[in-house]
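Chemist: from the sequence below, what's the structure:
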Amino acid sequence: MSSNISIQRICQYCGKEFTARTTVTKFCSLPCAGRAYKARKRVEKVDRSNSETLQLKIKPIAELQAKEILTVKELAQLLGCSTRTAYRLINNGQIRAINLSERLTRIHRSELDFIMNRTQGINYTPTPED
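Modeler: Model prediction:
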């Protein structure tokens with residue numbers, strides 16, 4: 001079953017004009033089709049790798065959000081600040097914490113939720129000096 005159709009098309013890979021014998025032909029030659037396939041597979045592989053990386057980055061945060069009692073390091077990770085800043089917030093009384101011993105400070109999750117809800121309505125407008 002041959003076709004007498006000849007359509008002028010532009011190769012989707014190299015951009016050259018060619019004569020296609022069918023209405024679904026996208027590439028001018030087999031090498032262009034192979035290169036386009038390889039490029040498409042490469043993009044899929046990179047996208048899959050990026051999504052796996054994103055899942056690995058999000059997983060620890062999701063686990064921390066589910067915990068009821070947090071350490072200072074976990075608090076800092078949830079707030080997106082350093083542990084020193086988290087300790088400063090605790091020492092200033094902005095966040096209530098429990099000292100179980102010298103090196104054992106714990107924060108209840110509800111305290112962090114309360115702080116986040118309280119500061120949610122505050123609009124910060126930077127000054128020219130910032």
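Chemist: from here on, just use CA atoms for contacts and neighbour counts.
Modeler: Fine.
Chemist: tell me the domain boundaries of the chain?
Modeler: According to the TED database, the chain comprises the domains 30-66, 67-117.
Chemist: does residue 107 sit in a helix, a strand or a coil?
Modeler: Following DSSP: H, G, I helix; E, B strand; the rest coil, we place residue 107 in the strand state.
Chemist: what ranges of the protein fall below the confidence cut-off?
Modeler: Low-confidence segments of the chain, defined by pLDDT under 70, span residues 1-3, 119-130.
Chemist: would you check that residue 27 makes contact with residue 16?
Modeler: No - the criterion here is C-alpha atoms under 8 Å, and residue 27 misses it with residue 16 at 9.0 Å.
Chemist: those two: who's more crowded?
Modeler: Neighbours were counted for residue 27 and for residue 16 using other C-alpha atoms under 10 Å; residue 27 has more, 22 against 11.
Chemist: and that one, what does it touch?
Modeler: Counting by C-alpha atoms under 8 Å, 6 or more residues apart in numbering, residue 27 makes contact with 10-13, 33.
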